[in-house]
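3D model of this:
(one chain, ligands or ions: 2)
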Amino acid sequence: MTFSTFTAVVPAAGVGKRMGSTVPKQYLTLAGKTVLEHTLERLLAHDAIAQVVVAVSPEDAWFDALPLAADPRVLRATGGQERADSVLNALDLVTSERVLVHDAARPCLTMKDLDALLAASVHPQGAILACRVRDTMKRGDGKGAIRESVSRDELWHALTPQCFATRTLRQALSTALSAGHTVTDEASAMELAGFYPVLVEGRSDNIKITRPEDLALAGFFLQQLKESFT
Ligand SMILES: Nc1ccn([C@@H]2O[C@H](COP(=O)(O)OP(=O)(O)OP(=O)(O)O)[C@@H](O)[C@H]2O)c(=O)n1
Ligand SMILES: C[C@](O)(CO)[C@H](O)COP(=O)(O)O
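Ligands and ions are numbered 1, 2, ... in the order given. This next block holds a predicted model:
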């Protein structure tokens, strides 16, 4: 399948509080390179991705040392206070009509999932990779006990990449942030603006490295993907 060209925005300005490492998690080493390098290589391997804008903290001393930072397809933007601020800053450098946003901390994206998302990106309201929740779901009462069971039939984990018309996403994020909303993914901003992005079922091993145990898990998944990856 051939696609028009996209820019990818990669928010990489987080400090990784939940990871608890001294080096931000996107610069931890995984199978011989940094998490961020794995992520960038996977995006740049796709023919439809012409450029990647990486949002990096102004204090970041690691990014410019990566060989990929000198790649003409890679641009550096200034990260912000929250993930959504970083994405909005990066969008200022995006000139393509459509953009996809992918966490620096998700290094196990497959080409097949990226293909599926880009194929769905013709949807005018946008599209995101997501996977169905597996376990029985409970709502807590806020005091440590169960209030009720919740049907899992309509519940999904929001993954990245998430793909939208650049102008619409910029407007949606900017409006949501100005109104003081907490926006943890791009789809949330689009929802607040009245859009209904499509859910594209992706692989559950496209994990976000969030806690210390996730690093070894991502290493295992990357090894498995290397053996089966097309
Ligand atoms: N101000 C921020 C915060 C996060 N991110 C990026 O957004 C992605 C997903 O966020 P998350 O996992 O929450 O990363 P951190 O904010 O680094 O983690 P924590 O919340 O544990 O501090 C990461 O690639 C992270 O670098 C960013 O670009 N700018
Ligand atoms: C964008 C994201 O990866 C989707 O799951 C997520 O929202 C990042 O933020 P979080 O604070 O780790 O939920």
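
Let me see the contact set for the nearest residue to Thr34 once chain neighbours are set aside.
Distances taken as Cβ to Cβ, 6 or more residues apart in numbering place Tyr27 nearest to Thr34, at 5.1 Å, with adjacent residues excluded. From N, CA and C alone the C-beta is placed, and that goes for glycine too. The contact partners of Tyr27, taken as Cβ atoms under 8 Å, 6 or more residues apart in numbering, are 34-36, 62.

Of those, which pair is most distant in space?
Greatest spacing in the contacts of Tyr27, by Cβ to Cβ: Val35 and Trp62 (11.0 Å).

Neighbour count for the two, which is higher?
A direct count of neighbours by other Cβ atoms under 10 Å for Val35 and Trp62 places Val35 higher, at 27 against 16.

one step back: how about the backbone phi and psi for the residue nearest to Thr34?
When read as degrees, to the nearest 10, the backbone of Tyr27 gives phi -110, psi 10.

Test my guess that Gly20 contacts Pro212.
Yes. At 6.4 Å, Gly20 counts as touching Pro212 under the criterion of Cβ atoms under 8 Å.

So for those two, which sits in the more crowded spot?
Between Gly20 and Pro212, counted using other Cβ under 10 Å, Pro212 has the larger neighbour count: 14 against 9.

Please verify my assumption that the more buried one contacts Gly16.
No. Using Cβ under 8 Å, Pro212 makes no contact with Gly16, being 10.0 Å away.

How about the chain: which residue is closest to ligand 1?
Gly14 (2.0 Å; Cβ to the nearest ligand atom).

Can you get me a residue count around that residue?
Gly14: 20 neighbours (other Cβ under 10 Å).

Give me the three-state assignment for Ile209.
With DSSP: H, G, I helix; E, B strand; the rest coil as the basis, Ile209 sits in coil.

longest single strand anywhere in this protein?
Longest strand in the chain by number of residues (criterion: DSSP state E): strand 156-165.

What pairs with that strand, parallel or antiparallel?
Strand pairing for strand 156-165, determined by DSSP bridges: strand 98-101 (antiparallel), strand 127-132 (antiparallel).

which residues in the chain form strands?
If you assign secondary structure with DSSP E, the strands in the chain sit at 6-11, 29-30, 33-34, 49-56, 74-78, 98-101, 127-132, 137-140, 146-150, 156-165, 198-201.

what angle sits between the first one and strand 49-56?
To tie it back to what came earlier, the one meant is strand 6-11. 20 degrees (axes from the mean of the first three to the mean of the last three Cα atoms, to 10 degrees).

quick one: is strand 6-11 near ligand 1?
Yes. Under the criterion of Cβ under 6 Å from any ligand atom, ligand 1 is reached by strand 6-11 at Pro11.
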